[in-house]
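Chemist: no sequence on hand, only this structure:
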């Protein structure tokens, strides 16, 4: 059974700092891995999707890496801004239809 | 292009009642997945519908059931509501069952 863990559970940084969020998963037989952002009480916004054959994806100030063999992914956020404050969720798809989520990292960026 | 929409936004029910939640998928998407997100937790997969057929199910009892219609919109039905069913219910649609899922804003259900 796939289990997804995110560390840390919460993170508070000053504006402008670069930061890394971590995600680990127990079964390396995945189709893809996604990083999502969730604002309080809202739905999820997909940030980056990494297919199992890829090592990383970049979008603006965000960079996500994937190391399938070690069961790890990182989300790097450059030059953080207060608007980046949200919960970041990592999710892996191990077959066609079952996406497993971590519990998320709650990020606060202080002005 | 219209995004994923869900209705209602909020709902209050009592134990034992039944509830129906609705989801309209994004244009051109034939796959809809439903998730339950308890407070402080990540979403948990309930089931997925692909071209009107159930295409996978998570660890949820049979009182959680669903439908997908010819226009690919979907319903989630929950019978015999329990207090632990209180959660944010999220619907996501995708072009196929292995592509990026786009999430709706969710329906917040409170069971008293």
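Modeler: Noted; the coordinates are in hand. Not measured: the values here are computed from a predicted model.

Chemist: okay, now the unreliable bits of chain B?
Modeler: Applying pLDDT under 70 to chain B picks out residues B:1-2, B:98.

Chemist: let me redo that: chain A
Modeler: Of all residues in chain A, those with pLDDT under 70 make up the ranges A:96-97.

Chemist: for it, what lies in contact range of chain B?
Modeler: The interface of chain A toward chain B, taken as CB under 8 Å from any CB of the partner chain, is made up of A:4, A:31-32, A:34, A:36, A:41-46, A:49, A:89, A:91, A:93, A:95-104. For glycine as for every other residue, the C-beta is placed from the backbone atoms N, C-alpha and C.

Chemist: buried among the residues you listed? Make that a PyMOL selection.
Modeler: Selecting in PyMOL just the buried members of the residues of chain A next to chain B, where the criterion is 16 or more other CB atoms under 10 Å in any protein chain shown, is done with this command:
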select buried, chain A and resi 4+31+32+34+36+42+43+44+49+89+91+93+97+98+99+100+101+102+103+104
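
Chemist: tell me which of the residues of chain A next to chain B fall in strands.
Modeler: Members of the residues of chain A next to chain B lying in strands (criterion: DSSP state E): A:4, A:32, A:34, A:36, A:44-46, A:49, A:89, A:91, A:93, A:99-101.

Chemist: closest one to residue B:8 out of those residues, please.
Modeler: The nearest member of those to residue B:8, counting by CB to CB, is residue A:44 at 18.9 Å.

Chemist: adding distance to residue B:82, write the ones in strands among the residues of chain A next to chain B out as TSV.
Modeler: Below are these laid out as TSV (distance: CB to CB, whole Å):
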residue	distance to residue B:82
A:4	26
A:32	33
A:34	30
A:36	27
A:44	25
A:45	30
A:46	31
A:49	34
A:89	25
A:91	26
A:93	29
A:99	24
A:100	23
A:101	22
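
Chemist: out of those, which comes closest to residue A:82?
Modeler: After measuring those against residue A:82 - CB to CB - the closest member comes out as residue A:45, at 17.1 Å.
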